[in-house]
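*Asks:* Here's a sequence, model it:
(2 chains)
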Protein chains: 2
Amino acid sequence: MTANPHTLPATPEVLISEVGPRDGLQSVKAVMPTDHKLRWITALYEAGLREIEVASFVPAKLLPQMADAAEVVRHALTLPGLTVMALVPNLRGAEAALAAGVHKLTLPVSASAAHSLANVRKTREEMIEEVRAVAALRRDTAPQVMVEVGISTAFGCTLQGEVAEDDVMRIAAQCINAGADEVGLSDTTGYANPAQVKRLFRRLRVEIGAHAGAAHMHNTRGLGLANCLAAYEEGVRTFDASLGGLGGCPYAPGASGNVVTEDLAFMFEAMGVATGLDLGKLMAAREPLRAGLPGEPIYGMTPEAGLPKGFMQKNVVQKGAHV
Amino acid sequence: MTANPHTLPATPEVLISEVGPRDGLQSVKAVMPTDHKLRWITALYEAGLREIEVASFVPAKLLPQMADAAEVVRHALTLPGLTVMALVPNLRGAEAALAAGVHKLTLPVSASAAHSLANVRKTREEMIEEVRAVAALRRDTAPQVMVEVGISTAFGCTLQGEVAEDDVMRIAAQCINAGADEVGLSDTTGYANPAQVKRLFRRLRVEIGAHAGAAHMHNTRGLGLANCLAAYEEGVRTFDASLGGLGGCPYAPGASGNVVTEDLAFMFEAMGVATGLDLGKLMAAREPLRAGLPGEPIYGMTPEAGLPKGFMQKNVVQKGAHV
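*Replies:* Modelled structure (predicted):
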């Protein structure tokens, strides 16, 4: 089940969903060459990541970084047990992603009216209709595929400021009614605080029950991990993160910095919460990222400081190691 | 009560204790000139900070950065309502600090045997005897002064690795028995995780009741705010932090990065937890720090990103402002 016979990660108690190859790569100007992407995705997989957002199916003229989406998906599909996920902004993107064979689609629906227009040039209501169309296409052509919605700017918006919590809940319910399987909440702008995170995820579960999805937090104001901890305490078990903290949103001015996968994984493992990841291999996966994006700044406090002296991943059985 | 008549911070629900002028300044090689220190401390005070660790009373040949401790204390004593705090490693330091007129003494007692020898050249047992001597001196000469102990390396040590929780609890109890008023826990090395923070502070309260003191967290592995959140949820209400994240411990290799005051204050204020601080003035207090330590890197995600659009400090009444 694992790539390396020497380690046996325990059954994960949380799912860290890696968004770097999509969210990260589309937010930097440089284009990572395809062969580097494939190498990086393999390294992420070998570190134990079992859900990776590998690409975004959008016109290449808008996002040249994602022009090789189909080829990237094809490679990712060869990795056993990996959930291959792609972002699609609309029905056309979903058609291409399904044709490529992805396991899971994710659509961004903004809670902020202003961000919706800036990000996808559609109103929020139009985006819910896209969700409906994509869910119908999935039902008719690929019923095994999951459809997820991530509600962007759920915790506030750099364009319009405050976002009404009622708007977030209404949109979440509408997306589920439109046929989505899961709705997660995204702090696109790094505005969230732990009290708000708890409140919104609690309301989300009341609103859509088991359809409540991932926490997608940014570290823009340093609160990324505190917000993930708050979400975890509220019962969230899926967390988006990006290796090296790559990412942001080009259409939300000032937004930057996905939660760093390495730091998030360290936090959970140190707490004794199994992630299924091998921290050493996760650090090693920074190398193909660096190689594919020379000169691009990558982040992470735990990689820079190193693991604590004598730190043992309680949830990784070191086969043959002297424990 | 506040320096600026236009703002009225609400009664604080948490006390952020600023350690930058001591912990921060003694960890950098450059010596901040005295007049800059005084200006910086005034700016911290004007931002609403009401407990500041202003200096450390140690031989000037060991820490030339602290040679002006008495003069710095004299200035800080002119700021009404400020608790003026100094670190003292031993009885001799306490004598000097009491002569200077401080309101509160803090002694570092290591939970790690190795760190104790490296940091203060004394065993842990010898340090507890120092606490006893300092507490006796206080009782006989300045009974109004508070004596606090911060247990260094309470969450792990870069020299010896794991630190037994039982050691931490035993030392905490011994310090209270020796006459200290409060014992806090310090993550000197940035090893702590939120689960451990909750567990240790819970045990600390069982062990020493209302004598349980501050959480002193570092951000070495990015978990600083998550650990403060965990401590807050466990009932801790006093948090050490350092403006610009200045600080670390010169005798704990690899340790760096106190929790950033600005980020911590933003987290609490965003959660609706009153800090008594004015975030705008707190950001402004970075300028005298920068001016006094030219070229020294200073940190903080919230200062770099800015406050969220439309962010209002719920706990500051803007007198005469159009709200």
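*Asks:* Go ahead and measure how far the lengthiest helix in chain A is from the middle of the chain.
*Replies:* When chain A is parsed with DSSP state H, its longest helix is helix A:124-141. Centre-to-centre, helix A:124-141 and its host chain are 21 Å apart (Cα atoms, centre = their mean, to the nearest Å).
*Asks:* Stretch A:233-240 now?
*Replies:* On Cα atoms, centre = their mean, the centre of stretch A:233-240 falls 12 Å from that of its chain.
*Asks:* What residues of that stretch count as buried?
*Replies:* A:233-234, A:236, A:238-240 (16 or more other Cβ atoms under 10 Å in any protein chain shown). Yep, even glycine has a C-beta here, placed from its N, CA and C like the rest.
*Asks:* In contact with A:D240: list those residues for me.
*Replies:* A:16-19, A:23, A:53, A:150, A:184, A:186, A:214-217, A:258-259 (Cβ atoms under 8 Å, 6 or more residues apart in numbering or on different chains).
*Asks:* related to what we said a few turns ago, may I see the buried residues of stretch A:233-240 arranged in a markdown table, with secondary structure and pLDDT as well?
*Replies:* Shown next, in a markdown table, are the buried residues of stretch A:233-240 (DSSP: H, G, I helix; E, B strand; the rest coil; pLDDT from 0 to 100):
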| residue | secondary structure | pLDDT |
| --- | --- | --- |
| A:E233 | helix | 98 |
| A:E234 | coil | 98 |
| A:V236 | coil | 98 |
| A:T238 | strand | 98 |
| A:F239 | strand | 98 |
| A:D240 | strand | 98 |
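*Asks:* if we look at the longest helix of chain A, which residues are touching it?
*Replies:* A:88-91, A:94-95, A:98, A:105, A:107-111, A:113, A:116, A:120, A:122, A:145, A:147, A:149, A:171, A:174-175, A:178-180.
*Asks:* So which residues of chain A form helices?
*Replies:* A:34-46, A:69-76, A:91-100, A:113-120, A:124-141, A:165-177, A:194-208, A:224-233, A:261-271, A:279-284, A:286-292, A:301-305.
*Asks:* In this structure A:T275 contacts A:G48, no?
*Replies:* Yes: using Cβ atoms under 8 Å, A:T275 makes contact with A:G48 at a distance of 7.3 Å.
*Asks:* who's more crowded, those two?
*Replies:* Taking neighbours as other Cβ atoms under 10 Å in any protein chain shown, A:T275 and A:G48 compare with A:T275 leading, 28 against 22.
*Asks:* quick one: pLDDT of the more buried one?
*Replies:* Looking at A:T275, its pLDDT reads 97.
*Asks:* which ones are touching A:V19?
*Replies:* Each residue near A:V19 by Cβ under 8 Å, 6+ apart is listed here: A:52-53, A:216, A:240-242, A:247, A:258.
*Asks:* Just the buried ones from those residues?
*Replies:* Buried members of these, counted by 16+ other Cβ under 10 Å: A:52-53, A:216, A:240-242, A:247, A:258.
*Asks:* quick one: which of these is nearest chain B?
*Replies:* If you rank the buried ones among the contacts of A:V19 by distance to chain B using Cβ to the nearest Cβ, A:A241 comes first, at 11.7 Å.
*Asks:* residue contacts, that closest one?
*Replies:* A:16-19, A:258-261, A:264-265.
*Asks:* does it have beta-bridge partners, and which?
*Replies:* A:E18 (DSSP bridges).
*Asks:* and the gap between it and A:M127?
*Replies:* 24 Å (Cβ to Cβ, to the nearest Å).
*Asks:* Quick one: residues in contact with stretch A:299-314.
*Replies:* Here stretch A:299-314 makes contact (Cβ under 8 Å, 6+ apart) with A:244-246, A:257, A:260, A:262-263, A:266, A:269-270, A:272, A:278-279, A:283, A:286, A:318, A:323, B:156-162, B:189-191, B:219-223, B:254, B:256.
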